[in-house]
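Colleague: For reference, the sequence and a predicted model appear below.
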Amino acid sequence: MADHAILAGKRVLLVIAGGIAAYKSLDLIRRLRERGVTVRAVLTEAGARFVTPLSVQALTEDTVYRDLWSLTDESEMGHIRLSREADLLVVAPATANLLARMAAGMADDLAATVLLATDKPVLVAPAMNVRMWQHAATQANMALLESRGVRRVGPNEGVMACNEYGPGRMAEPMEIIDAIAALFAEDAHRPLAGLPLTGRHAVVTSGPTHEPIDPVRYIANRSSGKQGHAIAAALAKLGAAVTLVSGPTRLPDPAGCSVVHIETAREMLAACEAALPADIAVCAAAVADWRVDGASDRKLKKDGGGPPTLALTENPDILATLSRPGERRPTLVVGFAAETGDVLAYATAKRARKGCDWIVANDVSPGTGTFGGSDNTVHLIRADGTESWPTMPKDAVADRLAEAVAEHFAGK
Ligand SMILES: Cc1cc2nc3c(=O)[nH]c(=O)nc-3n(C[C@H](O)[C@H](O)[C@H](O)COP(=O)(O)O)c2cc1C
């Protein structure tokens, strides 16, 4: 039996198609969750004839996604996000029909669409009548999918629900879990050799900080963390071991990164220092410059004495601290400058003042939509000059920055 410890904290998107074995997927959900796996489920229309969405919802403790055209589902969790915010997609049972649709690259319902849109590994557990399984069409579809990297567990041989004997029974839940664990273990041990940042450690900060006023109130800012999280993911994709130190955001932890959740600037600095040594530091978080001096440990009350006066005191400067020369200074320190005017002039001055190597400058004036938005327009300021990049999605900014980091280390 595979070691299941690797499963804790993993996210599985389970597609339940319309086969008689769908009832076993309920047990699969339960057993995965017992092992610390977060399970999100997509049910095909036929799947919902075999198991009730309510059972699946109760077992996953999450919404069950069923309809490509549901405005609610799409606005809460678009089909692309659904397919990406998982570490693995598991199709159990995988019907002959769904395997055919996957092989043909169809996207005619939510299940097929997420399977086509995903950039994550896919594991299928076929389950069908023995003749359906042995049919040349199904065998060709399965072979094609496997040649494209889709992994398979089962089917097992035995007596089928239709009383025929042969291969076609879905693998048992524990066999599927073994296959999932083996797949994650393989991934964990696969050397990322060949990737340009393999062997490099990056510390990335992201999101806002929350500075308490009292136990229920805090000072915050509008940072969503989208850019910082995207940078962490982009560096990990290029092979770096990434520690993401994140303030409070509504974003899921990016895959492949080790994430430290903090609230205040002081906690962020401590987490960054604890993560050293690192080759790369990217400070993308919007760290509060000030915190309340002597935050109250009791809720402040309207007691008729007028509003309280909040005295502020300066927070530690994380970028300047990480940039300070010394043995523990990361080789490349990248800061962000969020400005609302004279962006280049302020950002260039900031690079010199903080002692970092690069500054990524962006205009966060109201109307640019940068804070919380999906796009960003940035300038990369280095010692040897400034590059102005066109407006692009934050993911693309992250990829381009990660490539620039990789190029920087290529010669070293
Ligand atoms: C009672 C019954 C049991 C079925 N069992 C299976 C099955 O085990 N495997 C399979 O591939 N199809 C099975 N089918 C056929 C699928 O439900 C049908 O092809 C459906 O369109 C699959 O849709 P989906 O792949 O989108 O879930 C069964 C149909 C019925 C009526």
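Modeller: All right, it came through fine.
Colleague: Look up phi and psi at the spatially most central residue of the chain.
Modeller: In the chain, the centroid-proximal residue (Cα atoms, centre = their mean) is residue 254; its distance is 2.6 Å. The phi/psi pair for residue 254 (degrees, to the nearest 10) reads phi -70, psi 150.
Colleague: same deal with residue 156?
Modeller: phi -90, psi 160.
Colleague: Flag every buried residue along stretch 159-178.
Modeller: 160, 168, 169, 170, 171, 172, 173, 175, 176, 177, 178 (16 or more other Cβ atoms under 10 Å). C-betas here are computed from N, CA, C, even on glycine.
Colleague: do stretch 78-87 as well
Modeller: Under 16+ other Cβ under 10 Å, the buried positions of stretch 78-87 are 79, 82, 83, 84, 85, 86, 87.
Colleague: show me what contacts the residue of the stretch 151-300 of the chain found nearest the ligand?
Modeller: Nearest residue of the stretch 151-300 of the chain to the ligand (Cβ to the nearest ligand atom) works out as residue 161 at 7.1 Å. With contact taken as Cβ atoms under 8 Å, 6 or more residues apart in numbering, residue 161 is in contact with 20, 21.
Colleague: Turn the buried residues of stretch 159-178 into a markdown table, columns for secondary structure.
Modeller: Formatted as a markdown table, these follow (DSSP: H, G, I helix; E, B strand; the rest coil):
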| residue | secondary structure |
| --- | --- |
| 160 | coil |
| 168 | strand |
| 169 | strand |
| 170 | coil |
| 171 | coil |
| 172 | coil |
| 173 | helix |
| 175 | helix |
| 176 | helix |
| 177 | helix |
| 178 | helix |
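Colleague: Switch these over to CSV; also include distance to residue 212 and pLDDT.
Modeller: Below are the buried residues of stretch 159-178 laid out as CSV (distance: Cβ to Cβ, whole Å; pLDDT from 0 to 100):
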residue, distance to residue 212, pLDDT
160, 61, 76
168, 60, 93
169, 57, 95
170, 52, 96
171, 51, 96
172, 50, 96
173, 45, 97
175, 49, 96
176, 45, 97
177, 42, 97
178, 46, 95
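Colleague: In the stretch 251-400 of the chain, where is pLDDT below threshold?
Modeller: 368-372 (pLDDT under 70).
Colleague: Strands along that one, start to end?
Modeller: 257-261, 280-283, 290-292, 312-314, 332-339, 358-363, 375-376, 378-382, 385-388, 392-393 (DSSP state E, counting those that start in this stretch).
Colleague: Name every strand pairing with the first one and say which way it goes.
Modeller: What that stands for is strand 257-261. According to DSSP bridges, strand 257-261 forms sheet pairs with strand 241-246 (parallel).
Colleague: Could you chop the protein up by domain?
Modeller: According to automatic domain parsing, the chain comprises the domains 4-189, 201-410.
Colleague: name the element residue 232 belongs to?
Modeller: Residue 232 belongs to helix 226-237 when elements are defined using DSSP states H and E.
Colleague: Which other helices and strands does that helix contact?
Modeller: strand 201-206, strand 241-246, strand 257-261, strand 280-283, helix 394-410 (3 or more Cβ pairs under 8 Å, 6 or more residues apart in numbering; DSSP states H and E).
Colleague: Show me which residues of this protein sit near the ligand.
Modeller: 17-21, 44, 46-47, 95-98, 127-128, 132 (Cβ under 6 Å from any ligand atom).
Colleague: separation between residue 14 and the ligand?
Modeller: In this view, residue 14 and the ligand are 13 Å apart by Cβ to the nearest ligand atom, to the nearest Å.
Colleague: quick one: that residue and residue 41 touch, right?
Modeller: Yes: the criterion here is Cβ atoms under 8 Å, and residue 14 meets it with residue 41 at 4.8 Å.
Colleague: Give the residues shared as contacts by those two.
Modeller: Counting by Cβ under 8 Å, 6+ apart, the residues touching both residue 14 and residue 41 are 29, 60.
Colleague: Quick one: the strands in the stretch 1-150 of the chain, in order.
Modeller: For the stretch 1-150 of the chain, the strands defined by DSSP E, counting those that start in this stretch occupy 11-16, 38-43, 64-65, 88-94, 122-126.
Colleague: got the contact list for stretch 214-224?
Modeller: 207-213, 247-251, 263, 285-286, 288, 290-292, 295-300, 371-372.
Colleague: ok, now stretch 101-119?
Modeller: With Cβ under 8 Å, 6+ apart, stretch 101-119 has contacts from 13, 15, 17, 42-45, 47, 65-68, 73, 79-80, 82-84, 86, 89, 91, 98, 122, 124, 140-142, 144-145, 150.
Colleague: Of all the domains of the chain, which one is nearest residue 195?
Modeller: When the domains of the chain are ranked by distance to residue 195, counting by Cβ to Cβ, first place goes to domain 201-410 at 2.9 Å.
Colleague: distance between the ends of the closest one?
Modeller: 15 Å (Cα to Cα, to the nearest Å).
Colleague: still on that earlier bit, let me have the buried residues of stretch 78-87 in a markdown table, extended by pLDDT.
Modeller: A markdown table is the format used below for these (pLDDT from 0 to 100):
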| residue | pLDDT |
| --- | --- |
| 79 | 79 |
| 82 | 87 |
| 83 | 85 |
| 84 | 81 |
| 85 | 84 |
| 86 | 91 |
| 87 | 92 |
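Colleague: of all these, which two lie farthest apart?
Modeller: So, these by Cβ to Cβ: farthest apart are 79 and 87, at 17.5 Å.
Colleague: returning to that earlier point: can you redo the helices and strands packed on helix 226-237 as CSV with mean neighbour count?
Modeller: Output for the helices and strands packed on helix 226-237, formatted as CSV (neighbours: other Cβ atoms under 10 Å):
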stretch, mean neighbour count
strand 201-206, 28
strand 241-246, 26
strand 257-261, 17
strand 280-283, 29
helix 394-410, 19
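Colleague: closest one to residue 351 among those?
Modeller: strand 280-283 (12.1 Å).
Colleague: Strand partners (parallel or antiparallel) of the closest one?
Modeller: The strands that strand 280-283 pairs with in its sheet are strand 201-206 (parallel), strand 332-339 (parallel) (by DSSP bridges).
Colleague: quick revisit: could you pick out which of the contacts of stretch 101-119 are located in helices?
Modeller: Among the contacts of stretch 101-119, the members found in helices (DSSP state H) are 47, 73, 79-80, 82-84, 98, 140-142, 144-145.
Colleague: Using JSON lines, lay out these together with distance to residue 326.
Modeller: Shown next, in JSON lines, are the ones in helices among the contacts of stretch 101-119 (distance: Cβ to Cβ, whole Å):
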{"residue": "47", "distance to residue 326": "58"}
{"residue": "73", "distance to residue 326": "51"}
{"residue": "79", "distance to residue 326": "48"}
{"residue": "80", "distance to residue 326": "43"}
{"residue": "82", "distance to residue 326": "45"}
{"residue": "83", "distance to residue 326": "44"}
{"residue": "84", "distance to residue 326": "39"}
{"residue": "98", "distance to residue 326": "57"}
{"residue": "140", "distance to residue 326": "62"}
{"residue": "141", "distance to residue 326": "59"}
{"residue": "142", "distance to residue 326": "57"}
{"residue": "144", "distance to residue 326": "56"}
{"residue": "145", "distance to residue 326": "53"}
